[in-house]
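got a sequence here, can you build the structure:
(chains A and B)
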Amino acid sequence: MTETLKRQEVVAARGVRVTFGAVKALDGADLIIHAGECVGLVGHNGAGKSTIVNVINGGLTPHEGSLTYGGSEAHGISAARANGVRCVFQELSLCPNLTVGENARIMHAELKGWAWRSRALALVESQLKEIFPGHAIDCDSTVDDLSIAERQMVEIAISFAGIDRKPKLVILDEPTSSLDAGLAAQLMAYIRKFVGDGGSVLLISHILGEILSTSDRIVVMKDGRVVADRTAKEFSTHSLVEAMGNVVREQEFSRTAAVRSGQQVLSMPPRRGHGLAFEAYRGEIIGLAGLGGHGQTEALLDLYLDRNSNWWPTKRREIAFVAGDRSLNGTFPLWSILKNLSIASLGQLSTNRMVDKAREETLGAAWKQRIEIRTPDMGNRILSLSGGNQQKVLFARALATTASTVLMDDPMRGVDIGTKQEVYEILRSEAASGRTFIWYSTEMDEIRLCDRVYVFREGAIMAELLGDEITEKNVLAASFSEGEAA
Amino acid sequence: MKISSSTVRLIIPAASLVLLLAAVFYMQPRAMSYTGLNLLFNLAVPIALATIAQMLIMSVNDLDLSMGTFVSFCACVSATFLQSSPALGILIFLGAIAAYALIGVVINIRDLPSIVVTLGMSFVWGGLAVLILPSPGGTAPTWARWLMTAKPPLVPMAIVASILIAAVTHYIVMRSSFGVLIRGVGGNDRSVERAGWSVLGLRAATYALAGFFAILAGIALVGLTTSADANIALRYTLLSIAGVILGGGQFVGGKVSPIGAVIGALTLTLAGSFLSFMRISPDWQIGAQGAILIVVLALRLALNRLEKREKSQ
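Have a look, this model is predicted:
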């Protein structure tokens, strides 16, 4: 330990706290990165990985705690870049309308004046050759024309490149998510070389094999805190998964015994040509688990579009959808609570194509009482409600329809715990009366409520967990692949 | 040799211009002369400049609905202040450029839809234009008149000016490192911001540059018509948008082409003459012009789809 303390700090975040509304994204996390080391960062959804990355690269100013670059306190994106911090984001962040060389110009302000084009090209080409020898990327083409893997390679190369100064710290957030095994191995080899030359790398990956073989030190995060920070040699795949998990909070629920007993309501062949097939039976609550963005939302959309036409409204809808991002595709912000609730069931509320006001109000009153929407008047604007209550209205919208199956796209994000408990109760009773729920959630507590769980990885279903097998440990083990990227 | 996708996008506008020109020459062979070409394309120069201004705004994913009234305002200023007291005229234009930069700042800071802000501004510019020139009149500055009626050897002024506009703006927008940043804001403003640039400053600079080109459009227009009136260029709002789209530009995503925009402006001007030569009554001309637009855009959509299909194979 004394040896690491003597080494030069590149970035140090100490006691960082960041809150978004009621959600504590970071709750006193420490992350110190020294020159010449590769730090692996792992954790499950919502552990705070992305947030701490955004703090280090200057995109977020911590509400509490200190952030120092090379020993001196500084904030902001420009300060981070001036101190040699570069970041490759999980979602690709190149400009698709520009060529590869022009994208290099955006990332490197030094590229200007006469003949900047040829200098930019030379820079990207040499860096690409160094990281991915034998690549076949034409640096004159627009990013739009490149494949996803090529875009990722270009972004990595631009971030590692340096004209006057080499970057000191490169943050790689899931850098291999669209690279094949050969390219991923080339990248890992380059990271070791870069670290050997005195640079540092912060590596985030869901492939534990990569993390274990490439990192010098591994930091495990959970609930906005760092729960383990040891050298990579002290970890194995098994102990990493254990460190990410939450062994203490194993509570018990009474699950319905009726699993796979009713009639089959939905099915889907294996996705992306491998993994398991999807099946849903009457009265089940099925969880879709795994790390965020591994194909769960796409699976829900496919299930929905399979039964509902994109063009014509069907007379009797069999499937209802509860959207996750309230403001994006959930609420109608200018409408009243009642109108937001009844929009999905207008067909059954109208006679001769005219909405029957009285029936609409009865429906609203019934659901207001049933799920306890806290408002004096259902005619108030939906935005007068708290986030949790807005979400309850969205649930009621789906439940008020005649649909026998309800798809839920991580609907409980940012909802307080009391409301969650109320909604869980409603789900239980609705399932008991024969409705089927398919629930994508990024929260382990919700996944444990389900009767059956499919774990997604890289767009395919990798595991099915039943009843008592649904534990945090099992879900984690299936979400993180042990070996190389597929 | 591999043809880049931006070149492919230029093929359709260029081909439609050539086709229209061939049709005009077929119907009216006398147009195939120095004077004929100059007459055909004379009015295209101010439209091309306004189209370039609109294209700059569109390259940062915005839209300027005040282009027509702003060019009218600039024409009125050129025919009055710029002619009688040039220093005051230039000062007014500098103020107009500053106003454009300020519009960009407001749109960026408050995250307002650009069409709402510029629609509001269109009444401001229109009102100012009426205040300056309540009834049609004014005189063009002699130098503007001289510039627009100059007769260079071999190639008429309208063609020389169009090529010059296309070359200069191609250099600024497509080749210079500043142009890359402008288009970067349109393509992915978050990534530009993460790289440490000020999107606010870039948007303000883009708006200011657009204002500059719109002012040039106003001066060029007065140089052609010798006098101005407050409603002289109202059509320019839609003409400039149509010109950008016709030239291969897109509403969002920072995909623009200055050469295409100039070609689009030329095509639109030519479409008007073509319909006159066809003896289509003026009542039907606007509709027919719209039909030409739809045909060209449909062709481009078909080409885009073909390109996409090839890529996925």
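
what residues does the stretch 51-200 of chain B have near chain A?
Contacts of the stretch 51-200 of chain B with chain A, taken as CB under 8 Å from any CB of the partner chain, map to B:175, B:177, B:180-181, B:183-184, B:186-188, B:190-197. All C-beta atoms are positioned from the backbone trio N, CA, C, and that covers glycine.

show me what contacts residue 27?
Answering for chain A, as no chain was given. A:17, A:48, A:223-225 (CB atoms under 8 Å, 6 or more residues apart in numbering or on different chains).

let me rephrase: I mean chain B.
Residues in contact with B:Met27 (CB under 8 Å, 6+ apart) are B:277-278.

pull out the buried members of the residues of the stretch 51-200 of chain B next to chain A.
The neighbour-count test (16 or more other CB atoms under 10 Å in any protein chain shown) applied to these identifies B:177, B:180-181, B:183-184, B:186-188, B:191-197 as buried.

could you find the closest non-adjacent residue to A:Ile77?
Of all residues not flanking A:Ile77 in the chain, A:Gly58 sits nearest, at 4.1 Å (CB to CB, 6 or more residues apart in numbering or on different chains).

could you look up the SS state of that neighbour?
coil (DSSP: H, G, I helix; E, B strand; the rest coil).

confidence score at residue 58?
All of this is about chain A. According to the prediction, A:Gly58 has pLDDT 87.

try again with chain B
B:Met58 is assigned a predicted lDDT (pLDDT) of 96.

so where does the nearest residue to it once chain neighbours are set aside fall, helix or strand?
By the measure of CB to CB, 6+ apart, the closest residue to B:Met58 outside its immediate chain neighbours is B:Val244, 5.6 Å from it. Remark: B:Val244 resides in helix B:236-246, with elements defined by DSSP states H and E.

by contact count, what packs against that helix?
For helix B:236-246, the elements it packs on are helix B:44-59, helix B:67-79, helix B:258-277, helix B:282-312, judged by 3 or more CB pairs under 8 Å, 6 or more residues apart in numbering or on different chains; DSSP states H and E.

possible to save these as JSON lines with mean neighbour count and distance to A:Pro376?
Putting the helices and strands packed on helix B:236-246 into JSON lines (neighbours: other CB atoms under 10 Å in any protein chain shown; distance: least, CB to CB, whole Å) gives the following:
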{"stretch": "helix B:44-59", "mean neighbour count": "30", "distance to A:Pro376": "47"}
{"stretch": "helix B:67-79", "mean neighbour count": "29", "distance to A:Pro376": "48"}
{"stretch": "helix B:258-277", "mean neighbour count": "24", "distance to A:Pro376": "56"}
{"stretch": "helix B:282-312", "mean neighbour count": "13", "distance to A:Pro376": "52"}
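
and of those helices, who's closest to A:Leu383?
helix B:44-59 (32.1 Å; CB to CB).

tell me the confidence at the residue of the stretch 301-450 of chain A found nearest chain B?
When scored by CB to the nearest CB, the stretch 301-450 of chain A has A:Ser327 as its residue closest to chain B, at 14.0 Å. Reported pLDDT at A:Ser327 in the predicted model: 74.

which element, helix or strand, includes it?
helix A:326-329.

and if you look at A:Gly287?
Assignment of secondary structure by DSSP H and E places A:Gly287 within strand A:285-289.

try A:Leu26
Per DSSP H and E, A:Leu26 falls inside strand A:23-34.

show me what whatever helix or strand comes next after that strand packs onto, helices and strands only.
Sequence-wise, the next helix or strand downstream of strand A:23-34 (DSSP H and E) is strand A:38-42. Applying 3+ CB pairs under 8 Å, 6+ apart, one finds that strand A:38-42 contacts strand A:23-34, helix A:49-56, helix A:181-196, strand A:200-204, helix A:208-214, strand A:217-222.

with distance to A:His135 added, can I get the ones you listed in TSV?
Converted to TSV, the helices and strands packed on strand A:38-42 look like this (distance: least, CB to CB, whole Å):
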stretch	distance to A:His135
strand A:23-34	28
helix A:49-56	26
helix A:181-196	8
strand A:200-204	20
helix A:208-214	20
strand A:217-222	29
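
excluding its backbone neighbours, what's nearest the residue of the stretch 201-313 of chain B found nearest chain A?
Going by CB to the nearest CB, chain A is nearest to B:Gly254 of the stretch 201-313 of chain B, at 4.4 Å. In space, and not counting its chain neighbours, B:Gly254 is closest to B:Gly186: 2.4 Å by CB to CB, 6+ apart.

how about A:Glu125?
Distances taken as CB to CB, 6+ apart place A:Cys139 nearest to A:Glu125, at 5.4 Å, with adjacent residues excluded.

how about that neighbour, what does it touch?
A:99-101, A:121, A:124-125, A:128.

after the helix holding A:Ser327, which helix or strand is next?
Using DSSP H and E, the helix or strand that follows helix A:326-329 in sequence is helix A:337-342.

which one is whatever residue of the stretch 101-250 of chain B ends up closest to chain A nearest to, not counting chain neighbours?
Relative to chain A, the nearest point of the stretch 101-250 of chain B is B:Gly187 (3.2 Å; CB to the nearest CB). In space, and not counting its chain neighbours, B:Gly187 is closest to A:Cys95: 3.2 Å by CB to CB, 6+ apart.

and that neighbour, that's in a helix?
No - A:Cys95: not assigned to a helix; according to three-state DSSP it is coil.

just give me the neighbour total for it.
Per other CB atoms under 10 Å in any protein chain shown, the neighbour tally for A:Cys95 reads 27.

rounded mean pLDDT for the helix or strand following the strand holding A:Gly287, please.
Proceeding N to C from strand A:285-289, the next assigned helix or strand is helix A:296-307, under DSSP H and E. Taken as a whole, helix A:296-307 has an average pLDDT of 85.

could you check helix A:296-307 and say which residues are buried?
A:296-297, A:299-300, A:303-304.

could you tell me the end-to-end distance of stretch A:429-443?
Taking CA to CA, to the nearest Å, stretch A:429-443 runs 21 Å from one end to the other.

same question, stretch A:75-93
End-to-end distance of stretch A:75-93 (CA to CA): 22 Å.

A:Pro133 touches A:Gln186, doesn't it?
Yes - counting by CB atoms under 8 Å, A:Gln186 is a contact partner of A:Pro133 at 7.1 Å.

looking at these two, which one has more neighbours?
More neighbours surround A:Gln186 than the other of A:Pro133 and A:Gln186, with 18 against 10 (other CB under 10 Å).

give me the nearest residue to that one, chain neighbours excluded.
Once flanking residues are discounted, A:Gln186 sits nearest to A:Phe132: 5.2 Å by CB to CB, 6+ apart.

likewise for B:Phe70?
Leaving aside its sequence neighbours, B:Phe70 sits nearest to B:Trp125 (CB to CB, 6+ apart; 4.7 Å).

so that neighbour sits against B:Phe73, correct?
Yes - the criterion here is CB under 8 Å, and B:Trp125 meets it with B:Phe73 at 4.3 Å.

who's in contact with the residue of chain A found nearest chain B?
Residue nearest to chain B within chain A: A:Cys95 (3.2 Å; CB to the nearest CB). Residues in contact with A:Cys95, defined by CB under 8 Å, 6+ apart, are A:102-103, A:106, A:143, B:183-184, B:187-188, B:191-192, B:254.

need the residues you listed in CSV (columns: pLDDT and distance to A:Val42).
Shown next, in CSV, are the contacts of A:Cys95 (pLDDT from 0 to 100; distance: CB to CB, whole Å):
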residue, pLDDT, distance to A:Val42
A:Glu102, 93, 35
A:Asn103, 93, 29
A:Ile106, 92, 31
A:Val143, 90, 30
B:Arg183, 95, 38
B:Gly184, 95, 33
B:Gly187, 92, 32
B:Asn188, 91, 28
B:Ser191, 89, 26
B:Val192, 92, 30
B:Gly254, 90, 36
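
so which of those residues comes closest to A:Val88?
Closest approach to A:Val88 among these (CB to CB): B:Ser191, at 11.1 Å.
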